[in-house]
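Q: Just a sequence and a predicted model for now, questions to come.
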Amino acid sequence: MKILIIGYGSIGERHATVLHELGHEIHVISQREDIPYPVCHSLNELKNLHHFEYIVISNATPQHYTTFLHLQAEGYQGTILIEKPIFASLPTSTMSHASSRVGYNLRFHPVIQELKNRLYQNKILCLHVYVGSYLPNWRPARDYRLCESSSASSAEGGGVLYELSHELDYVLWLTGIWQTVSALGGHISPLEIQGTDAYALMLQTERCPLVTIQMNYLDHQTRREIICVTENMSMKADLVNNTLTIGQEVLSFPVQRNDTYRFMHQTILEGQESSVCSFQEGLAILELIEKAQLSMREGKRIINGVQ
């Protein structure tokens with residue numbers, strides 16, 4: 001299959017590597033020259049967009065929206081994967097695209113999948129999520145203040161709520177549509193970045209009356225954990241050590257670095273997409289981010305659907 005990767009930063013390179021290893025023909029849109037695949041410098045230089053059966057939008061987040069509109073204007077009918085978050089801000093008009101998906105690959109982590117199976121038909125009483133790691137350690141060879149990544153820069157569509165929005169995605173996937181949200185957060189550390197570095201959210205969702213999510217760039221010990229209490233059991237998921245603890249039992253899952261990306265792409269390309277984040281789900285996550293920011297600014301709880 002001929003596949004087009006738009007944007008070849010670290011995440012675009014990762015998508016290209018995974019899809020190339022799956023046996024597909026990769027082409028890239030990038031300003032870079034040191035790329036081991038055929039390259040065009042812009043979409044306008046591309047001679048036949050419709051030769052590609054699958055397109056991955058993985059350029060900077062603020063460019064996702066205009067890139068997506070360009071593909072729609074060209075009448076592209078193939079499958080599109082938009083890297084997370086879907087856009088830098090919510091579109092002002094209603095949008096939908098049945099063949100587009102959003103790259104929330106943590107849904108394909110075997111610990112998350114096992115947790116979802118265990119929660120099926122169980123009443124969830126509370127869910128607590130924590131994700132934290134020290135931003136300067138993300139790419140030790142580069143100065144985090146000069147990094148082009150959206151991790152650090154509000155101008156690049158970044159900040160902790162956007163960069164770590166995987167947690168928002170799998171929480172809604174596990175517990176349903178959010179009903180209310182309250183939030184605290186901002187830039188609370190000495191880190192020399194423009195974006196936010198810590199947030200805490202408290203939600204009610206369709207299937208859970210109490211959800212808390214804490215996310216930050218500050219923790220010197222990398223952690224990505226979920227504690228879930230149901231009527232019948234308590235579970236702890238550890239996404240760093242790839243374990244799920246249920247009572248005294250500890251289940252371990254072998255996970256290689258690119259497994260979740262490979263599982264996601266295989267699922268999309270095989271047309272079995274019920275587990276993949278849809279275009280509308282991607283927009284719902286973006287709306288939750290914006291409502292959490294509103295809650296923090298105005299110091300009040302936000303009810304979903306109420307202006």
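A: That came through, no problem. This is a predicted model, so every value here is computed, not measured.
Q: which helices and strands sit right next to the helix or strand hosting Met202?
A: Assigned by DSSP states H and E, Met202 belongs to strand 198-205. Here strand 198-205 touches helix 160-163, helix 166-175, strand 178-186, strand 211-216, helix 279-298, going by 3 or more C-beta pairs under 8 Å, 6 or more residues apart in numbering; DSSP states H and E. Placement of C-beta: from N, CA and C, glycine included.
Q: Please work out the average pLDDT along it.
A: Mean pLDDT, strand 198-205: 98.
Q: just the angle between that strand and strand 178-186, please?
A: 170 degrees (axes from the mean of the first three to the mean of the last three C-alpha atoms, to 10 degrees).
Q: Enumerate residues external to strand 198-205 that contact any of its residues.
A: Strand 198-205 has contacts (C-beta atoms under 8 Å, 6 or more residues apart in numbering) with 160-161, 168, 171-172, 175-189, 210-218, 292, 296.
Q: do stretch 255-271 as well
A: So stretch 255-271 is contacted by 1, 14-15, 17-19, 21-22, 54, 79, 81, 101, 103, 105-111, 242, 273, 275-276 (C-beta under 8 Å, 6+ apart).
Q: Highest mean neighbour count out of the helices and strands packed on strand 198-205?
A: helix 160-163 (a mean of 24; mean count of other C-beta atoms under 10 Å).
Q: What's the mean pLDDT across it?
A: On average, helix 160-163 scores 94.
Q: what comes into contact with it?
A: Residues contacting helix 160-163 (C-beta under 8 Å, 6+ apart): 61, 85, 88, 149-151, 168, 185, 195-199, 215-217, 289, 292-293.
Q: Kindly export that helix (C-alpha atoms) in CSV.
A: Only the C-alpha atoms of helix 160-163 are listed here, as CSV (Å, rounded to 0.1, in the frame of the first residue of the first chain):
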residue,chain,number,x,y,z
VAL,A,160,0.6,19.5,29.4
LEU,A,161,-3.1,19.1,28.7
TYR,A,162,-2.5,18.7,24.9
GLU,A,163,0.8,16.7,25.0
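Q: Skipping its backbone neighbours, what lies nearest Ser165 in space?
A: Spatial nearest neighbour of Ser165, excluding adjacent residues (C-beta to C-beta, 6 or more residues apart in numbering): Pro85 at 5.2 Å.
Q: What of Ser30?
A: Tyr8 (3.8 Å).
Q: ok, back up a step: how about TSV for the helices and strands packed on strand 198-205, with distance to Asn137 added?
A: Output for those, formatted as TSV (distance: least, C-beta to C-beta, whole Å):
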stretch	distance to Asn137
helix 160-163	14
helix 166-175	18
strand 178-186	21
strand 211-216	13
helix 279-298	24
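Q: and of the ones you listed, who's closest to Tyr65?
A: Across the helices and strands packed on strand 198-205, Tyr65 has its closest neighbour in helix 279-298 (10.8 Å, C-beta to C-beta).
Q: isn't there a helix covering Lys47?
A: No - Lys47 is assigned coil when assessed by DSSP: H, G, I helix; E, B strand; the rest coil, not a helix.
Q: got a list of what it touches?
A: By C-beta under 8 Å, 6+ apart, the contact list for Lys47 is empty.
Q: Now do it, the pLDDT please.
A: 86.
Q: Can you give the strand pairings for the strand holding Met202, parallel or anti for each?
A: Strand pairing for strand 198-205, using DSSP bridges, gives strand 178-186 (antiparallel), strand 211-216 (antiparallel).
Q: The helix or strand just after the shortest one versus strand 211-216: what angle between them?
A: Moving toward the C-terminus from strand 211-216, the first helix or strand encountered (DSSP H and E) is strand 223-230. Angle of strand 223-230 versus strand 211-216, following the same axes, to 10 degrees, is 170 degrees.
Q: Pull out the buried positions in strand 223-230.
A: The neighbour-count check on strand 223-230 (16 or more other C-beta atoms under 10 Å) flags Arg224, Glu225, Ile226, Cys228, Thr230 as buried.
Q: Quick one: list the elements packing against the helix or strand that that strand is followed by.
A: Once the chain leaves strand 223-230, the next helix or strand it forms, by DSSP H and E, is strand 234-238. In terms of contacts (3+ C-beta pairs under 8 Å, 6+ apart), strand 234-238 is packed against helix 110-119, strand 223-230, strand 243-246.
Q: ok now the second one, how far from the chain's centre?
A: Relative to the chain's own centre, strand 223-230 is displaced by 18 Å; criterion: C-alpha atoms, centre = their mean, to the nearest Å.
Q: Repeat that for the longest one.
A: Relative to its chain's centre, helix 110-119 lies at 18 Å (C-alpha atoms, centre = their mean).
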